[in-house]
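**Student:** here are the coordinates; sequence isn't available:
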């Protein structure tokens, strides 16, 4: 009789665990992809040494910031979003005389805001600027890696990583940026 009670208790406990697991929301995991654009009036450039010293304790030449719309595809949400971003920029190989300069982006923060919550990322990487900004015409290509550091709403507890590629253009005083984000997202 004792054996039958133990078997019944184990069966009941297993059934309860299965019901509990079925009732819990499944963790979302999968790829995350986004494209975005930042119009020139939303791109910031701040070379003020005092502001740079506060924002970029390790030293930098300027702070770059931006904002703009985009399109996101993930297991959690697919649709329109807006983003804001900011990072410290440092020239590592100045080269106006050679037609390009090389630099790094560091201490970057990016927030993607959707109708279902925010997604927070940290990023860093390198850039190559072709041309000379002093002439009013250049193009830069920025390669970044990111880490998802959390979120709000449906993105609460988010983590993941991936890469960002941004192309920045200044032609005849009109500046714009376009970007692509690819990586993984786990909730």
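**Tutor:** Structure's in. What do you need? Being a predicted model, the structure only gives us computed values, none of them experimental.

**Student:** Which strand or helix spans the residue most central in space within the chain?
**Tutor:** Centroid-nearest residue in the chain: residue 121, 4.3 Å away (criterion: CA atoms, centre = their mean). Here residue 121 sits within strand 117-132, counting by DSSP states H and E.

**Student:** other SSEs contacting that strand?
**Tutor:** Applying 3 or more CB pairs under 8 Å, 6 or more residues apart in numbering; DSSP states H and E, one finds that strand 117-132 contacts strand 78-93, strand 100-114, strand 137-151. C-beta here means a position set from N, CA and C on the backbone, and glycine is covered the same way.

**Student:** Dump those strands to TSV, plus distance to residue 55, mean neighbour count and mean pLDDT.
**Tutor:** Conversion of the helices and strands packed on strand 117-132 to TSV gives the following (distance: least, CB to CB, whole Å; neighbours: other CB atoms under 10 Å; pLDDT from 0 to 100):
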stretch	distance to residue 55	mean neighbour count	mean pLDDT
strand 78-93	6	17	93
strand 100-114	8	19	94
strand 137-151	17	18	93
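
**Student:** Can you check which of those strands gets nearest to residue 41?
**Tutor:** strand 78-93 (14.0 Å; CB to CB).

**Student:** partners of the closest one, with directions?
**Tutor:** strand 62-73 (antiparallel), strand 100-114 (antiparallel) (DSSP bridges).

**Student:** Pipe the helices and strands packed on strand 117-132 into a markdown table and attach distance to residue 166 per row.
**Tutor:** A markdown table is the format used below for the helices and strands packed on strand 117-132 (distance: least, CB to CB, whole Å):
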| stretch | distance to residue 166 |
| --- | --- |
| strand 78-93 | 9 |
| strand 100-114 | 9 |
| strand 137-151 | 4 |
